[in-house]
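**Student:** pasting the sequence and the predicted coordinates here, then a few questions.
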Amino acid sequence: MLELRALSLDRGGQAVLDGIDLSIGAGEFVGLLGPNGAGKTTLLRAALGLLPARGHSSLARLSVRERARAAAYMPQGREIAWPMPVEALVALGRIAHPHSASAEDRAAIERAIAALHLSPLRHRRATELSGGEQARTLIARALAQETPLLIADEPIAGLDPAAQIDAMRLFSRLADRGHAVLASLHDLGLAARHCTRLVMLHQGRIAADGPPQAVLTAENLARVFGITAHLAQGPGGILFQPLGTIEGEDR
Ligand SMILES: Nc1ncnc2c1ncn2[C@@H]1O[C@H](COP(=O)(O)OP(=O)(O)OP(=O)(O)O)[C@@H](O)[C@H]1O
């Protein structure tokens, strides 16, 4: 689904990505973690070929149309330029499909609208929605693309707790159905409970990669995030509670 080898990128004379090796397969819901500025957005955009990088990305070499069928992308920026109805914006997800007004397209749009509970909002102008409603609309647009891989940059930022859990469950179900999901996330607790795998980025390099319990360790949290946390095994996976920051540590 996604293969990155030695992906590196400099910006402003600094290495922002430094030798990223990452392979993501069907059935994986990968949470991309890391503090502000670690390189998460840069990694997602370079993987998609939206930023020129050294090394190899299996997506970056595809034509625009091929790539739009291989991977859907929900960017971090949520600006909606046109005052179009929610359902028309979701329908844009089908634009790369050959017959983008077919019964199959309409069914995909309806599935995406239903999955994000957007039916009551479908005729509203997307520019007039709340931030969280806009976020759900943009997730639905990416979902309507029905690609093997979904790449989402902070998809649950600004959602209320129920909508965050709903979205994480949705991504998890996509992975269960054989898709792959790569999402940058700042909520380590939700990442721990819902992702099948976590990749922790630190200063443009992968600091840890594996199942949640192997990545969310006290040592990694101190070294990468500069925090202490309470970690416990709960009924549905790891329970994570941040406790404090580590003063004076060189992160
Ligand atoms: N156009 C640019 N020129 C120079 N440096 C840049 C540019 N864009 C990003 N950077 C730097 O690259 C680094 C990685 O940025 P990136 O947006 O990938 O981080 P991030 O992990 O997504 O952070 P956040 O969690 O804050 O969204 C940061 O130090 C940022 O300042």
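**Tutor:** Good, I have the coordinates. What you see is a predicted model, and the numbers here were worked out from it, not measured in a lab.
**Student:** name the SS class of the most centrally placed residue in the chain, please.
**Tutor:** Taking CA atoms, centre = their mean, the centroid of the chain lies closest to A183, which sits 2.0 Å from it. Three-state call for A183 (DSSP: H, G, I helix; E, B strand; the rest coil): strand.
**Student:** if we ignore the residues flanking it in sequence, what's nearest it?
**Tutor:** A152 (4.3 Å; CB to CB, 6 or more residues apart in numbering). Any C-beta I mention is one placed from the backbone N, CA and C, and that applies to glycine too.
**Student:** so the one you found touches M74, yeah?
**Tutor:** Yes. Using CB atoms under 8 Å, A152 makes contact with M74 at a distance of 4.1 Å.
**Student:** where do the contact lists of those two overlap?
**Tutor:** Residues touching both A152 and M74 (CB atoms under 8 Å, 6 or more residues apart in numbering): I139, A142.
**Student:** please report the distance of G189 from R61.
**Tutor:** 36 Å (CB to CB, to the nearest Å).
**Student:** of the two, which one has the most company?
**Tutor:** G189 (16 against 10; other CB atoms under 10 Å).
**Student:** surely the more buried one is in contact with G236?
**Tutor:** No. Judged on CB under 8 Å, G189 makes no contact with G236 at a distance of 11.1 Å.
**Student:** tell me the mean pLDDT for the helix of greatest length in the chain?
**Tutor:** Using DSSP state H, we find that the single longest helix of the chain is helix 161-176. The average pLDDT within helix 161-176 is 94.
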